[in-house]
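Novice: Using only what follows, build the 3D model:
(chains A, B, C and D)
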Number of protein chains: 2
Amino acid sequence: MHPTQQLRFASFKEACRGKNLRLTPQRIDIFNELANAGDHPTAEIIHQRLLSKLPTLSLDTVYRTLATFARLDLISKVETVQSQARYEVTVERHHHLICENCQEIVDFQWPQIDEIALPEEVKQWGKVKKKNLVIYGRCRKCGG
Amino acid sequence: MHPTQQLRFASFKEACRGKNLRLTPQRIDIFNELANAGDHPTAEIIHQRLLSKLPTLSLDTVYRTLATFARLDLISKVETVQSQARYEVTVERHHHLICENCQEIVDFQWPQIDEIALPEEVKQWGKVKKKNLVIYGRCRKCGG
DNA sequence: CATTAAAATAGGAACAATTACTATATGCCA
DNA sequence: TGGCATATAGTAATTGTTCCTATTTTAATG
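Specialist: Reported below is the predicted structural model:
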């Protein structure tokens, strides 16, 4: 195991203890699989990758475990407005505020962000079409 | 109809003609519903809202129509990585590049964005937990 | 106005991602 | 090591979205 990963694993174990989470082979393997993955796998991909090691691992366990980890802030779900897609008519450039509680989406403008030059790394990556900032948090109505 | 909306509707009709899209009551109503909606409705919500006016409107039509409009850039899907949720272990602050073709997600860092002060509007909204920039485009591998 | 070919729709079935249910198995504390 | 709360496997159910196809509608033409 790479030292960084070892460290990560140690803090994972600690985090589990601190939160009264039982350490199970499934949890350990799911966490390690994700920690060592260079990509951003889906629950199904993680399931597939672990099947040779844990042949009885159920997809449900992967989903449940990932949800638990996300709640503990050990992992994050990458940029998703959960479940249903939402639409808007295309207007001026704007960004989005999303409340983690009520899921309401509010537009806001931030010209400063729109105009700022992209880092070199991004230019190398390919051709940029859209740039969208999403801010997550808790809105006033939900006690934020 | 509010003058702005009238204008919007006119350009909608024009856009349809320009792209060889037939003007149907369903398309008109779906577009207007979305143009006048203050929120960011889902396909299902739009369907519900139109049922009293178009009792036979099918959900499939709403989905198909929204997809068509999105292709024409008349509307946009709000911030979603389509279909499956993707996960990553929580590490340093970073943002995401998503290729519209291969869907690959690449991390990049942009400390400038992380450190910049939030606009007043956002502070009024509530408590911010995360700030994530998502850049869409086409990566080199996909000819971008 | 009718005629007509191409395109759009309704309705229901299919599909894919995710979550719920429940009996069994397991981690962990005493 | 025993007991109990918690986690898991397996499967069923749910939800969001797309596919299929017969029927209807649009818009172009005479």
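Novice: quick one: secondary structure of residue A:134?
Specialist: strand (DSSP: H, G, I helix; E, B strand; the rest coil).
Novice: what's the spacing between it and DNA strand C?
Specialist: 17 Å (CB to the nearest atom of the strand, to the nearest Å). Where C-beta positions appear, they are placed from N, C-alpha and C, glycine not excepted.
Novice: what's the pLDDT at that residue?
Specialist: What the model reports for residue A:134 is a pLDDT of 89.
Novice: domains of chain A?
Specialist: Using automatic domain parsing, the domain ranges for chain A come out as A:3-88, A:95-142.
Novice: Tell me which of the ones you listed sits nearest to chain B.
Specialist: Nearest to chain B, of all the domains of chain A, is domain A:95-142, at 3.2 Å by CB to the nearest CB.
Novice: Is stretch A:59-73 in proximity to DNA strand C?
Specialist: Yes. Contact of stretch A:59-73 with DNA strand C (CB under 7 Å from any atom of the strand) involves A:59-60, A:63, A:67.
Novice: Max pairwise distance over these: which two?
Specialist: Maximum pairwise distance in the residues of stretch A:59-73 next to DNA strand C, criterion CB to CB, is 12.7 Å, between A:59 and A:67.
Novice: beta partners for the residue nearest the centre of chain A?
Specialist: With distances taken as CA atoms, centre = their mean, chain A has residue A:77 as the residue nearest its mean C-alpha position (2.0 Å). Note on residue A:77: beta-bridge partners by DSSP bridges are residue B:87.
Novice: wait, doesn't it sit right on residue B:87?
Specialist: Yes. At 5.9 Å, residue A:77 counts as touching residue B:87 under the criterion of CB atoms under 8 Å.
Novice: Take the residues of stretch A:59-73 next to DNA strand C and keep only those in helices.
Specialist: A:59-60, A:63, A:67 (DSSP state H).
Novice: Make a markdown table out of those and add neighbour count and pLDDT.
Specialist: Putting those into a markdown table (neighbours: other CB atoms under 10 Å in any protein chain shown; pLDDT from 0 to 100) gives the following:
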| residue | neighbour count | pLDDT |
| --- | --- | --- |
| A:59 | 13 | 95 |
| A:60 | 10 | 95 |
| A:63 | 15 | 94 |
| A:67 | 15 | 91 |
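Novice: Nearest to residue A:104 among those residues?
Specialist: residue A:67 (21.8 Å).
Novice: residues in chain A within reach of DNA strand D, list them.
Specialist: Proximity of chain A to DNA strand D, by CB under 7 Å from any atom of the strand, involves residues A:21-22, A:24, A:26-27, A:54, A:56-61, A:64-65, A:83-85.
Novice: Buried among the residues you listed? Make that a PyMOL selection.
Specialist: Buried residues within those, by 16 or more other CB atoms under 10 Å in any protein chain shown, are selected in PyMOL with:
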select buried, chain A and resi 21+26+27+57+61+65+85
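Novice: ok, and which of the residues of chain A next to DNA strand D reach chain B?
Specialist: With CB under 8 Å from any CB of the partner chain as the criterion, the residues of chain A next to DNA strand D include A:84-85 near chain B.
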